[in-house]
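Asks: What follows is a predicted structure for the sequence shown.
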Amino acid sequence: MLAEFRSFLKTANVAALAIGVIVGAAVGNVVSALAGHVIMPLVGMLLPSGNWREARLVLKPSAGAGSAILYGQFLGAVIDFIIVAFVVFLITRWVIKPLLAPAEEKTKKCPESLETIPEAARRCRACASVLVVASKRDEPSAVSEAA
């Protein structure tokens with residue numbers, strides 16, 4: 001049972017997943033701090049009321065807590081989400097996407113079927129016509145032609 005558990009840990013990449021979760025949490029903290037302490041104060045300066053996160057719509061006034069819709073808190077959470085999502089998008093675009101992008105394969109068009117095929121192909125996969133190879137090593141040399 002212990003060997004099976006060890007095998008599971010190795011094959012399921014649990015260590016890599018744990019590292020990803022830890023790094024993700026750290027990045028989340030940085031992005032939340034950026035949103036809460038840098039960007040949101042700037043947004044607060046642009047709005048007429050500086051304390052806009054405390055905005056509420058009172059439904060039933062009372063001496064105690066009363067009933068109110070805290071739309072300022074909701075709008076703040078939506079703006080925080082948009083900022084965090086945008087920063088995650090930028091990180092993905094700048095760091096992860098270039099690592100995952102496959103190398104572009106050079107292609108050419110078949111003169112018969114006009115299909116796109118790999119440049120090194122000798123026969124078209126669509127029409128099975130034999131293609132002329134343009135490299136020097138595949139052309140017969142002058143010595144072999146004279147013989």
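Replies: Cool, got the structure.

Asks: mind checking pLDDT for the residue nearest the centre of the chain?
Replies: Residue closest to the mean C-alpha point of the chain, counted by Cα atoms, centre = their mean, is Thr92 at 3.9 Å. If you check Thr92, the pLDDT there is 77.

Asks: What of the one 10 residues further on?
Replies: pLDDT, the model's per-residue confidence, is 71 for Pro102.

Asks: Ala128 now?
Replies: Ala128 is assigned a pLDDT of 83 by the prediction.

Asks: Which helix or strand contains Ala16?
Replies: Per DSSP states H and E, Ala16 falls inside helix 14-34.

Asks: about what we covered before: quick one: the residue nearest to the centre of the chain from Leu57, how far?
Replies: Counting by Cβ to Cβ, to the nearest Å, the gap between Thr92 and Leu57 amounts to 37 Å. For every residue, glycine as well, the C-beta is placed using N, CA and C.

Asks: residues touching the nearest residue to Gly72 once chain neighbours are set aside, list them.
Replies: Among residues not flanking Gly72 along the chain, Ala55 sits closest, at 3.3 Å (Cβ to Cβ, 6 or more residues apart in numbering). Counting by Cβ atoms under 8 Å, 6 or more residues apart in numbering, Ala55 touches 49, 70-72, 75.
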